[in-house]
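Peer 1: For reference, the sequence and a predicted model appear below.
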There are 2 protein chains.
Amino acid sequence: MTPQLLSDIHAVILAGGSGTRFWPLSREACPKQMLQIVGEDTLLRQTIKRINGFVPTENIWIVTTEDKAQDTKFHLLPMGSLTEKIQFIREPLGRNTAPAIGLAAVYLNHLSPNSVMVVMPSDHAIPENEKFLSDLKVAIEGAKEDNLVTFGIKPNRPETGYGYIKIVNHMKTESKGLLRVERFVEKPDLEKAKTYISNSSYFWNSGIFVWKTSKILSEIQIHLPPLYQTLKAIESLLFQLDKPKELNEPNKLYELYSSLDPVSIDYGIMERSLNVLMVPATFQWSDLGSWSALDEVVDKDKEGNILKGNTIDIGSQNSIIFSGERLVATIGLQDMVVVDTPDATLVTPKERVQEVRKIVETLKQKGREEHLIHKTVERPWGSYTVLEKGEGYKIKRVVLKPGARLSLQLHRKRSEHWVVVSGIAKVTRDNETYLVHTNESTYIPIHTKHRLENPQGGFLQIIEVQNGNYLEEDDIERFSDDYDRI
Amino acid sequence: MTPQLLSDIHAVILAGGSGTRFWPLSREACPKQMLQIVGEDTLLRQTIKRINGFVPTENIWIVTTEDKAQDTKFHLLPMGSLTEKIQFIREPLGRNTAPAIGLAAVYLNHLSPNSVMVVMPSDHAIPENEKFLSDLKVAIEGAKEDNLVTFGIKPNRPETGYGYIKIVNHMKTESKGLLRVERFVEKPDLEKAKTYISNSSYFWNSGIFVWKTSKILSEIQIHLPPLYQTLKAIESLLFQLDKPKELNEPNKLYELYSSLDPVSIDYGIMERSLNVLMVPATFQWSDLGSWSALDEVVDKDKEGNILKGNTIDIGSQNSIIFSGERLVATIGLQDMVVVDTPDATLVTPKERVQEVRKIVETLKQKGREEHLIHKTVERPWGSYTVLEKGEGYKIKRVVLKPGARLSLQLHRKRSEHWVVVSGIAKVTRDNETYLVHTNESTYIPIHTKHRLENPQGGFLQIIEVQNGNYLEEDDIERFSDDYDRI
């Protein structure tokens, strides 16, 4: 493959999912793609690493919703210089995969009409990168010949949680390792799944797709005409104004986008198109659809357990026990899932993990917070952990990376006491700037402009005691920020 | 019964147990008798209320070990004026029930040679007080005729966790409702337990005993002569010096007491004595030997679950789910026990709850702390909660009751920042005394005498950030204390 070709290939990573099925580890502000549950990095960053270098970093596009975009950008910061080059496509709100892919196709088609786009979910596990890239090359060749190309995974169990792909004839290969798809099959019941697994014409649908931008747009025109019309309108809105990467008419865009039917690309296009080919994947794959999916991709101990964090177990088997710093003690569990986080614990048999969604639903209905954010929130400058909330006060541990600083800010409804427990803080308060050493404290009165900074090479750690009647994160007015949050 | 008679009756409450089987709710510093797991008060306070009024409060004796005595006294403070009247017998260390009861008998026999002692464990559940007292009257009559009297519980299941009592003839009553005991039977296997339950001559051994102090001492003389010899030596030590309620020769006492064999009263006396009668109990009873014992004494919902605290459950059955403020979400559990505390969570099937002991053993071996104290520690002046421990710092929330104050104290290895989050604090620091209002802070340098006081009618709440290289509770020098801890 020539460098010329590669620059015509774009990777579109779908990162709009909320991943409630990994609660309590996943939260609205920390969806599944931002979790490190398999492998040595988070799923999103693994996905980027998987494709980066195969395509130029500038050709990596992340599609996510407006409300997740900033956190997603922050999430990429540990990737260093890559971060600046990766491009974002912001959906005004989530409308399932067909609109998301359509929006990306509009962008890419405008940029480079003959380019090939590789659509990748951001929250799947694919441990064997070389095999994936090798299969991807085959798919790209098929895509260039105006096919929609997908990847089929050879089933090893009668899985009811996946959609299936039926090929026309498992012996007959189209050119260069591609098989013709007869149809896409929705998630089957166990009975049907058992027949599929004994039939070599059935594969799991991996949700990874390769096609030319022009081709997917013409398929959308055929099979989802209302989506096509709206995409054309969005295209005029975005590009007539000659600011291709900015959403300069956010209200109009929101109006257009929110009018779309939330339909999946599988249901809207793949099940209907007559031009679908499949690469039989040689790589291992899991969509990590639930906690029990870890069994497929994580090494187990000799009793079949996956134990992580601060755990003590006596005689459990085939169980998944995820803890952090708190102690989780388990005795004699069989096929169970126990997930512990600082503010919530889940206990369920593996066979009922899908119902975690109902727990999250219940939390929403009750106006609770355990599905929204974690006690520890990662920020580009470091992190903060809510240690306790009480009537009229909130206590945080705030950690600043070497050289980092928070925004110059002001609170209208709270004052703050800061006690430095390690490092040296540089504090700006109104017009004065001073140092606060370990075991010293300072006070930020209400309505006072202030800034916290770590001027040194080590980490700075402070304990912040907030006082006030309203102590939410939105009581903040920023005057200057290193991370463009004003 | 005449008042004269009642004043000759003493209640001896055994409160030396550590109750590891209720971990993580029970801790070394918060044993089972101090837990409110059944009914509206802790088990120890329920035990005291059960007998108080039947005997004068001055006749209630609590036998506990030296290291638990202060915490046990503090635990009784909510009982108000009763607290002052209840008497303590302090064992230098735990040596099982025969020495504990022998020591109490020595005290009582010295005080009032013809008195009857009612021996009660402090950590059992007896919800029907009237029935208990009615049966107790029958037992006392038997005890006055120089018998050892016990209470037998009619079994309703083949329990292998209890000892059994076999009576001579279940139809033949001795005078006034008492049955003659043929023998005590140790915990049986399931096979045997099943035969016992179908035989009306077998009862559960409740561990509640009534006898004259002179009688139990003469039985000890017969069946446990070495214990008797040591008890005589302890008697001389304690009472020749004419300070009957103080252990004025602690080292000598320790030496004598620690030389004793740790033997239970059941094994040492009850299985051997020829003078044992039994009252067939009319009251409901459980020894609460493990988490699964709650099933016998706590009301369940229609699915057979016992849910407490911050829980969300979907479709569990016959399970016990105990939480505090943290959320515990459970799905489809069957016959499981989940117990959550701020620093540790336990998950186990009911049938394996006995193995909780092994978890505690593991924690001890590893030098961990989750079996020692809770994050929140109740004190007579209020409570403190460890919110976080880190390298060089520890954060506590400290709550003071109205009018309460801590000791005048000094720390040699740490300084403290105090931020008042509700109420007004009166602070003594070296020679100055000043007020610190809500949203103000103060600093207590290392090596500085200080005192924290709540001068007002409401609760005072402060956040304490400790700094230092050694932050344990034993870094405290007290100069003045309202609770005699100097």
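Peer 2: Structure received.
Peer 1: Using PDB, list the CA coordinates for the longest strand along chain A.
Peer 2: Secondary structure of chain A per DSSP state E: the longest strand is strand A:202-212. Presented in PDB, the C-alpha positions along strand A:202-212 are these (Å, rounded to 0.1, in the frame of the first residue of the first chain):
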ATOM      1  CA  TYR A 202     -23.200 -17.600  10.100                       C
ATOM      2  CA  PHE A 203     -20.800 -15.000  11.600                       C
ATOM      3  CA  TRP A 204     -21.100 -12.500  14.400                       C
ATOM      4  CA  ASN A 205     -21.600  -8.900  13.300                       C
ATOM      5  CA  SER A 206     -18.600  -7.000  14.600                       C
ATOM      6  CA  GLY A 207     -20.000  -3.500  13.900                       C
ATOM      7  CA  ILE A 208     -16.800  -2.500  12.100                       C
ATOM      8  CA  PHE A 209     -17.400  -1.200   8.600                       C
ATOM      9  CA  VAL A 210     -15.300   0.000   5.600                       C
ATOM     10  CA  TRP A 211     -16.700   1.900   2.600                       C
ATOM     11  CA  LYS A 212     -16.200   4.900   0.400                       C
END
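Peer 1: and the residue nearest to residue A:75 when sequence neighbours are not counted, how many neighbours?
Peer 2: In this structure, residue A:75 finds its nearest non-sequential neighbour in residue A:34, 5.3 Å apart by Cβ to Cβ, 6 or more residues apart in numbering or on different chains. Any C-beta I mention is one placed from the backbone N, CA and C, and that applies to glycine too. By the criterion of other Cβ atoms under 10 Å in any protein chain shown, residue A:34 has 23 neighbours.
Peer 1: Just give me how far the longest strand of chain A sits from the chain centre.
Peer 2: Distance, stretch centre to chain centre, for strand A:202-212: 19 Å (Cα atoms, centre = their mean, to the nearest Å).
Peer 1: which stretches of the stretch 201-350 of chain A form helices?
Peer 2: A:213-223, A:225-239, A:250-258, A:265, A:294-297 (DSSP state H, counting those that start in this stretch).
Peer 1: and those, which is most packed in?
Peer 2: helix A:265 (a mean of 25; mean count of other Cβ atoms under 10 Å in any protein chain shown).
Peer 1: Identify the residues contacting that helix?
Peer 2: A:97-98, A:101, A:119, A:209 (Cβ atoms under 8 Å, 6 or more residues apart in numbering or on different chains).
Peer 1: Show only the entries of those found in strands.
Peer 2: A:119, A:209.
Peer 1: Parallel or antiparallel, list what pairs with the longest strand of chain A.
Peer 2: With DSSP bridges as the test, strand A:202-212 is paired with strand A:116-121 (antiparallel), strand A:148-153 (antiparallel), strand A:164-167 (antiparallel).
Peer 1: Any chance of TSV for the helices of the stretch 201-350 of chain A, columns mean pLDDT?
Peer 2: Converted to TSV, the helices of the stretch 201-350 of chain A look like this (pLDDT from 0 to 100):
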stretch	mean pLDDT
helix A:213-223	97
helix A:225-239	93
helix A:250-258	88
helix A:265	96
helix A:294-297	89
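Peer 1: so the closest residue to residue A:78 other than its chain neighbours, which of the three states?
Peer 2: Leaving aside its sequence neighbours, residue A:78 sits nearest to residue A:45 (Cβ to Cβ, 6+ apart; 7.4 Å). Three-state assignment for residue A:45 (DSSP: H, G, I helix; E, B strand; the rest coil): helix.
Peer 1: Residue A:45 contacts residue A:80, doesn't it?
Peer 2: No: using Cβ atoms under 8 Å, residue A:45 makes no contact with residue A:80, being 11.2 Å away.
Peer 1: Let me know the pLDDT of residue A:3.
Peer 2: Looking at residue A:3, its pLDDT is 42.
Peer 1: Equivalent analysis for the one 10 residues further on, please.
Peer 2: Here the pLDDT value assigned to residue A:13 is 98.
Peer 1: same question, residue A:175
Peer 2: The model's pLDDT for residue A:175 equals 66.
Peer 1: repeat for residue A:412
Peer 2: pLDDT at residue A:412 comes out at 96.
Peer 1: Which strand or helix spans it?
Peer 2: Of the helices and strands defined by DSSP states H and E, none includes residue A:412.
Peer 1: Distance of it relative to residue A:431?
Peer 2: Distance from residue A:412 to residue A:431, counting by Cβ to Cβ, to the nearest Å: 19 Å.
Peer 1: the more surrounded of those two?
Peer 2: Remark: of residue A:412 and residue A:431, residue A:412 carries more neighbours, 11 against 6, as counted by other Cβ under 10 Å.
Peer 1: just to revisit the earlier point, could the strands paired with strand A:202-212 go into TSV alongside mean pLDDT and mean neighbour count?
Peer 2: Formatted as TSV, the strands paired with strand A:202-212 follow (pLDDT from 0 to 100; neighbours: other Cβ atoms under 10 Å in any protein chain shown):
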stretch	mean pLDDT	mean neighbour count
strand A:116-121	97	24
strand A:148-153	97	24
strand A:164-167	95	22
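Peer 1: about what we covered before: looking at residue A:45 and residue A:80, which is more packed in?
Peer 2: residue A:45 (21 against 8).
Peer 1: Got phi/psi on residue A:466?
Peer 2: Residue A:466 adopts backbone torsions of phi -90, psi 140, taken as degrees, to the nearest 10.
Peer 1: Next one: it, what pLDDT does it get?
Peer 2: For residue A:466, pLDDT reads 96.
Peer 1: so who does the residue in the stretch 151-300 of chain A positioned nearest to chain B touch?
Peer 2: When scored by Cβ to the nearest Cβ, the stretch 151-300 of chain A has residue A:291 as its residue closest to chain B, at 10.8 Å. The contact partners of residue A:291, by Cβ under 8 Å, 6+ apart, come to A:21-22, A:320, A:337, A:339, A:348, A:350, A:353, A:356.
Peer 1: my read: residue A:309 touches residue A:330, true?
Peer 2: No: contact criterion Cβ under 8 Å: residue A:309 and residue A:330 do not qualify, at 11.9 Å.
Peer 1: between the two, which one's more packed in?
Peer 2: residue A:330 (25 against 15).
Peer 1: What's the local residue count around residue A:195?
Peer 2: 11.
Peer 1: what distance separates the host helix or strand of residue A:183 from the middle of the whole chain?
Peer 2: Here residue A:183 sits within strand A:179-185, counting by DSSP H and E. Centroid separation between strand A:179-185 and its chain, computed with Cα atoms, centre = their mean, is 28 Å.
Peer 1: List just the nearest of the contacts of residue A:291 to residue A:380.
Peer 2: residue A:22 (23.7 Å; Cβ to Cβ).
Peer 1: For the closest one, grab the count of nearby residues.
Peer 2: 26.
Peer 1: what's the nearest residue to it if we skip its chain neighbours?
Peer 2: Per Cβ to Cβ, 6+ apart, closest to residue A:22 is residue A:32, 4.9 Å.
Peer 1: how close does the one you found sit to chain B?
Peer 2: 17 Å (Cβ to the nearest Cβ, to the nearest Å).
Peer 1: wouldn't that residue be in contact with residue A:26 here?
Peer 2: Yes: between residue A:32 and residue A:26 a contact is recorded at 4.9 Å, counting by Cβ under 8 Å.
Peer 1: list residues touching both of these two?
Peer 2: Between them, residue A:32 and residue A:26 share the contacting residues A:18-19, judged by Cβ under 8 Å, 6+ apart.
Peer 1: Return the set of residues that bridge with the closest residue to residue A:285 other than its chain neighbours.
Peer 2: Closest residue in space to residue A:285, ignoring its immediate chain neighbours: residue A:153 at 5.0 Å, by Cβ to Cβ, 6+ apart. Beta-bridge partners for residue A:153, by DSSP bridges, are residue A:204.
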